[in-house]
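Undergrad: The sequence and its predicted three-dimensional model are supplied below.
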Amino acid sequence: MAAHFHSQEDAASALHHITRDFPELAVETESIDLSNEDWVQSVKDSYQPMQVANGVWVVPDWCQPPNPQATNIMLYPGLAFGTGDHATTQLCLEQLMNTGLQGKSLIDYGTGSGILAIGALLLGAKKAVGVDADPVAVRAAIQNAELNGVEDKFTVLGCGHSGDDDDPLAEGGLQPRRFDICVANILKGPLLELCERFAGYVKPGGTVIVSGILKEQVLDCTHVRMLPIGRACWQCNI
């Protein structure tokens, strides 16, 4: 992983927090000074259109879609997770497509950039709610919804972290068991803490899709009945 910081002090502070909060990680680091360059162009060069599922592309807003006939999810690549290049995002998109989205409602818990909810809406879902604990992600998801012309079908809610008791749907005035699909592409810990909440979001006979579980973590989740689908070192479950 590469990270850019304005100063050596900022880099040292970030490393301190990582080693303090994740002592089990054996982190090796290398620090180098970079000369000034056109960072905007550098970012643009690093993000190019990519096909993330059959007939589905993620396209940065400064690029033209390579296939105008495809479903093109336009994004402002930024600070929120979900640019389409991660295996878990692709697995979730594929499973959303497999469920049949036409006319269905969806909640995307841990929406990040909004990529999954926006993709579902472009593929025929009638409405979606995105939830995220990060205010930056909430703003990014709203911005990306506007970029794709689905802002009237997409509600984005902020929430607390997974240990909080408050349900963002209740705070947003939304009722449980109102969605056809719940998708959550987060991490194992929050997934296990929130799995009962996710089940309560969907209608009887609805679908819950979760990802963010490493294959070696699957045995930790055996008490939750799921159908596993894997890619690389990651797991997606229905």
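TA: Received the coordinates, thanks. Numbering: from 1, shown residues only.

Undergrad: Buried residues, stretch 120-133. List them.
TA: Ala120, Leu121, Leu122, Leu123, Ala125, Lys127, Ala128, Val129, Gly130, Val131, Asp132, Ala133 (16 or more other CB atoms under 10 Å). No exception for glycine: its C-beta is placed from N, CA and C like everyone else's.

Undergrad: I should have written stretch 71-81 there, sorry.
TA: Buried-residue list, stretch 71-81, by 16+ other CB under 10 Å: Thr71, Asn72, Ile73, Met74, Leu75, Tyr76, Pro77, Ala80, Phe81.

Undergrad: Output those in TSV, with distance to Met50 appended to each entry.
TA: As requested, the buried residues of stretch 71-81 are arranged in TSV below (distance: CB to CB, whole Å):
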residue	distance to Met50
Thr71	13
Asn72	11
Ile73	10
Met74	13
Leu75	11
Tyr76	15
Pro77	11
Ala80	17
Phe81	16
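
Undergrad: where's the dip in pLDDT among the residues you listed?
TA: Across the set of the buried residues of stretch 71-81, Ala80 stands lowest in pLDDT, at 69.

Undergrad: residues touching Val56, list them.
TA: Listed by CB atoms under 8 Å, 6 or more residues apart in numbering, the contact set of Val56 reads Ala70, Thr71, Ile73, Leu93, Met97, Gly119, Leu123.

Undergrad: follow-up on the earlier one: between all of the buried residues of stretch 120-133, which two are separated the most?
TA: Maximum pairwise distance among the buried residues of stretch 120-133 (CB to CB): 26.0 Å, between Leu123 and Ala133.

Undergrad: Now the longest strand seen in the chain: average pLDDT?
TA: The longest strand of the chain (DSSP state E) is strand 202-214. Averaging pLDDT along strand 202-214 yields 86.

Undergrad: That strand pairs with which strands, parallel or anti?
TA: If you go by DSSP bridges, strand 202-214 pairs up with strand 179-185 (parallel), strand 234-237 (antiparallel).

Undergrad: what comes up buried for it?
TA: Those would be Val202, Gly206, Thr207, Val208, Ile209, Val210, Ser211, Gly212, Ile213, for strand 202-214 by 16+ other CB under 10 Å.

Undergrad: In terms of mean pLDDT, which of the strands paired with strand 202-214 ranks lowest?
TA: strand 234-237 (a mean of 47).
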